[in-house]
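Student: heads up, no residue letters with this:
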């Protein structure tokens with residue numbers, strides 16, 4: 001009779017053979033918490049300890065854990081038809097999902113190109129942009145403008161348009177054809193500069209960058225509505241609408257990276273129009289699309305762009321030679337359809353809108369209470385606590401100081417049963433959208449106590 005491996009053996013296998021994302025390869029051992037069970041907003045480790053999943057997986061488990069409806073839908077689809085090549089056929093779930101998404105997106109964003117994740121959704125968006133201008137015989141429009149601190153993925157192309165410079169210390173990226181504009185974080189402005197003035201400065205920088213490169217060479221501007229992995233950075237009011245207007249002025253496409261903000265995180269299916277008052281040319285999504293139950297992404301393209309291609313003077317075959325073995329995977333599509341159905345039936349968007357004020361109040365109150373917290377910021381069910389950094393230190397020492405602060409917060413919270421996502425001197429959280437007011441209070445009570453412990457190290 002085959003014996004199941006014990007937990008120590010499993011952890012040994014993990015340490016010896018599993019290279020995790022963002023793992024320190026210089027570390028002699030990797031001691032990752034072994035999660036063995038989950039339910040609602042909670043995870044349970046091998047010792048039976050219970051944790052609130054503060055990051056909601058990786059910004060993705062929007063409906064929480066233990067959703068048997070999704071699991072059964074996945075199993076049923078696996079039995080019915082687990083796979084069919086999207087090159088030669090289609091399936092009912094993929095067709096139904098593409099139609100359903102067209103009813104949820106802003107305006108005329110109705111053409112859905114299915115991908116495997118957010119990274120490949122961004123890759124596909126960039127490839128489509130180049131394809132679009134090539135079809136229109138505007139072959140010089142290639143340059144992509146992105147923002148410092150933005151994050152768009154881990155494939156070579158998507159990581160190259162990501163602006164988190166510390167992620168690139170030991171990895172090569174593409175430099176040609178990509179231009180970054182500066183960090184939009186309003187907290188970086190001087191005391192004499194209003195947020196409106198800061199917004200205008202950043203919008204003007206985009207226009208100046210376009211003019212320096214030449215509008216005939218710039219293809220697209222890529223931006224997250226909220227810079228999630230950059231530390232939950234919320235652009236100044238009006239920023240997105242004004243940058244969209246600049247893009248329209250110079251015939252530049254606007255790609256809105258809604259991998260994190262899509263599917264309810266800010267209380268709407270998508271945040272671009274409903275929260276930030278602009279309609280992009282292309283939206284990329286993933287994560288909450290299937291509530292993290294199975295990998296899937298989508299690049300959603302406006303009818304206007306598709307019509308432009310069809311009406312172009314290019315009479316040759318307009319072959320968009322981009323795709324993946326698992327584009328429109330029927331099992332993933334079935335999971336996405338069930339996810340959307342649950343969100344509608346349980347009125348998840350309305351729930352998020354209802355509890356967001358309490359979530360944000362608890363977050364801001366925590367920032368006001370503790371001197372070691374520089375900033376407490378958030379929007380919807382997204383939050384970030386940023387610790388004070390010692391500006392008197394040189395860059396290398398300050399980075400070490402910041403990492404130490406983030407590590408202390410992370411460990412203090414985990415000890416008390418709350419998982420966070422540490423990012424240098426910040427901790428970010430995006431709990432499952434099903435979280436209740438009582439659970440929000442529990443989460444922030446734990447975080448309050450954890451910060452109190454850490455604060456003693458810096459007195």
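Tutor: Received the coordinates, thanks. Since we're looking at a predicted model, the values are computed, not measured.

Student: pLDDT below threshold where in this protein?
Tutor: 1-4, 28-30, 166-168, 314-315, 459 (pLDDT under 70).

Student: From the recorded domain assignment, give the ranges for it.
Tutor: Structural domains annotated on the chain: 7-66+347-458, 69-345, as defined by automatic domain parsing.

Student: Make CSV from those domains and add mean neighbour count to it.
Tutor: (Glycine included, C-beta is placed from N, CA and C.) As requested, those are exported to CSV (neighbours: other CB atoms under 10 Å):
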stretch, mean neighbour count
domain 7-66+347-458, 17
domain 69-345, 19
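
Student: Identify the residue nearest the residue positioned nearest the centre of the chain in space, chain neighbours excluded?
Tutor: With distances taken as CA atoms, centre = their mean, residue 260 lies nearest the centre of the chain, 3.2 Å away. Excluding the flanking residues, the one nearest residue 260 by CB to CB, 6 or more residues apart in numbering is residue 228, at 4.1 Å.

Student: Now the phi/psi pair for the one you found, please.
Tutor: phi -70, psi -70 (degrees, to the nearest 10).

Student: and if you look at residue 135?
Tutor: Main-chain dihedrals, residue 135, degrees, to the nearest 10: phi -60, psi -30.

Student: how near is it to residue 31?
Tutor: Residue 135 sits 52 Å away from residue 31, taking CB to CB, to the nearest Å as the criterion.

Student: Check residue 117 too.
Tutor: Going from residue 117 to residue 31 by CB to CB gives 27 Å.

Student: From what I see, the residue nearest to residue 260 and residue 257 are in contact.
Tutor: No: using CB atoms under 8 Å as the test, residue 228 is too far from residue 257 to be in contact (9.0 Å).

Student: where do the contact lists of those two overlap?
Tutor: Here residue 228 and residue 257 share no contacting residue, scored by CB atoms under 8 Å, 6 or more residues apart in numbering.

Student: chain center to the host helix or strand of residue 386: distance?
Tutor: Per DSSP states H and E, residue 386 falls inside strand 382-387. Relative to its chain's centre, strand 382-387 lies at 15 Å (CA atoms, centre = their mean, to the nearest Å).

Student: What lies in contact with that strand?
Tutor: Contact with strand 382-387 is made by 226, 228, 231-232, 260-261, 265-266, 359-360, 363, 366-367, 372-378, 402, 405-406, 409, 425-430, 447, 451, as judged by CB under 8 Å, 6+ apart.

Student: Indicate each strand paired with that strand and its parallel or antiparallel sense.
Tutor: According to DSSP bridges, strand 382-387 has the following sheet partners: strand 373-379 (antiparallel), strand 426-429 (antiparallel).

Student: got a list of contacts for the following helix or strand past that strand?
Tutor: Remark: after strand 382-387, the chain's next helix or strand is helix 395-415, criterion DSSP H and E. With contacts defined as CB under 8 Å, 6+ apart, helix 395-415 is touched by 33, 51, 54, 372, 385, 387-391, 393, 419-420, 422-427, 446-447, 449-451, 453-454, 457-458.

Student: Next secondary structure after helix 395-415?
Tutor: Next helix or strand after helix 395-415 toward the C-terminus (DSSP H and E): strand 418-419.

Student: packing partners for that following strand?
Tutor: Helices and strands touching strand 418-419, as assessed by 3 or more CB pairs under 8 Å, 6 or more residues apart in numbering; DSSP states H and E, comprise strand 50-53, helix 437-455.

Student: of all the ones you listed, which lies closest to residue 278?
Tutor: Between residue 278 and the helices and strands packed on strand 418-419, the shortest gap by CB to CB is with helix 437-455, which sits at 29.9 Å.

Student: The closest one versus helix 395-415: what angle between them?
Tutor: With axes from the mean of the first three to the mean of the last three CA atoms, to 10 degrees defining the directions, helix 437-455 sits at 130 degrees from helix 395-415.

Student: Show me what helix 437-455 is packed up against.
Tutor: If contacts are counted by 3+ CB pairs under 8 Å, 6+ apart, helix 437-455 sits against strand 50-53, helix 348-369, helix 395-415, strand 418-419.

Student: Not counting the longest one itself, show me its contacts.
Tutor: Applying CB under 8 Å, 6+ apart, the contact partners of helix 348-369 are 62-63, 264-269, 342-343, 373, 375-381, 383, 385, 433-437, 440-441, 444, 447-448, 451.

Student: one more time with 7 Å
Tutor: With contact meaning CB atoms under 7 Å, 6 or more residues apart in numbering, helix 348-369 is reached by 264, 267-268, 343, 373, 375-376, 378, 380-381, 383, 385, 433, 437, 440-441, 444, 447-448, 451.

Student: ok, now stretch 74-93?
Tutor: By CB under 7 Å, 6+ apart, the residues outside stretch 74-93 that reach it are 293, 294, 323, 327, 328, 329, 330, 331, 333, 334, 335, 337.

Student: let's see 6 Å
Tutor: 327, 328, 330, 331, 333, 334, 335 (CB atoms under 6 Å, 6 or more residues apart in numbering).

Student: First-to-last residue distance for that stretch?
Tutor: Across stretch 74-93, the terminal residues are separated by 11 Å (CA to CA, to the nearest Å).

Student: Now do the contacts for residue 120.
Tutor: The contact partners of residue 120, taken as CB under 6 Å, 6+ apart, are residue 297.

Student: one step back: could you check how far the residue nearest to the centre of the chain is from residue 346?
Tutor: 21 Å.

Student: Would you agree residue 108 is in contact with residue 302?
Tutor: Yes: counting by CB atoms under 6 Å, residue 302 is a contact partner of residue 108 at 5.1 Å.

Student: For residue 193, which of the helices and strands packed on helix 437-455 is the nearest?
Tutor: With respect to residue 193, and counting by CB to CB, the nearest of the helices and strands packed on helix 437-455 is helix 348-369 at 21.2 Å.

Student: Kindly calculate the angle that the closest one makes with strand 373-379.
Tutor: 170 degrees.

Student: To residue 142, which of the helices and strands packed on helix 437-455 lies closest?
Tutor: Among those, helix 395-415 sits nearest to residue 142 (CB to CB), with 33.6 Å.

Student: ok, back up a step: adding distance to residue 283, write the helices and strands packed on helix 437-455 out as TSV.
Tutor: Formatted as TSV, these follow (distance: least, CB to CB, whole Å):
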stretch	distance to residue 283
strand 50-53	26
helix 348-369	17
helix 395-415	31
strand 418-419	29
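
Student: Can you tell me which of the ones you listed is nearest to residue 277?
Tutor: With CB to CB, the closest approach to residue 277 among the helices and strands packed on helix 437-455 belongs to helix 348-369: 16.9 Å.

Student: how far out from the middle of the chain is that closest one?
Tutor: Centroid separation for helix 348-369 versus its chain: 20 Å, with CA atoms, centre = their mean.
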